[in-house]
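**Q** A structural model of the following input is requested.
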Amino acid sequence: MRELSIDTYDVARTFLGQANFDAGWMTIEPNTFGESYRQVACEGTRPGMAYSDAFAAADDYWEYMYYYGD
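**A** This is a model prediction of the structure:
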């Protein structure tokens with residue numbers, strides 16, 4: 001995985017801007033936070049859950065992480 005940029009949004013999902021990075025390659029290990037991050041960001045999914053809206057996937061993921069952790 002290599003993070004090149006992130007589009008940022010506020011809680012109302014209004015586009016705020018883009019943050020760009022000059023990051024190196026990172027390995028995604030199975031069953032880690034990185035794998036979950038990739039599933040939400042790249043596939044719009046979480047294990048056992050399919051989403052057609054990437055915002056909904058991210059909202060649910062971060063709500064879960066807030067309450068239950070990784």
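**Q** Wait, Gln18 touches Leu4, no?
**A** No: counting by CB atoms under 8 Å, Gln18 stays clear of Leu4, with 10.1 Å between them. Where you see a C-beta, it was placed from the backbone N, CA and C, and this is true even at glycine.
**Q** list residues touching both of those two?
**A** Shared contacts of Gln18 and Leu4 (CB atoms under 8 Å, 6 or more residues apart in numbering): none.
**Q** which residues of this structure score low on pLDDT?
**A** Along the chain, segments meeting pLDDT under 70 span 46-52, 69-70.
**Q** Helices of that one, start to end?
**A** Assigned by DSSP state H, the helices in the chain fall at 33-38, 54-68.
**Q** Among those helices, which comes closest to Val11?
**A** Within those, the stretch nearest Val11 is helix 54-68; the backing value is 9.6 Å (CB to CB).
**Q** Quick one: list the elements packing against the closest one.
**A** Helix 54-68 sits against strand 45-46, with contacts defined as 3 or more CB pairs under 8 Å, 6 or more residues apart in numbering; DSSP states H and E.
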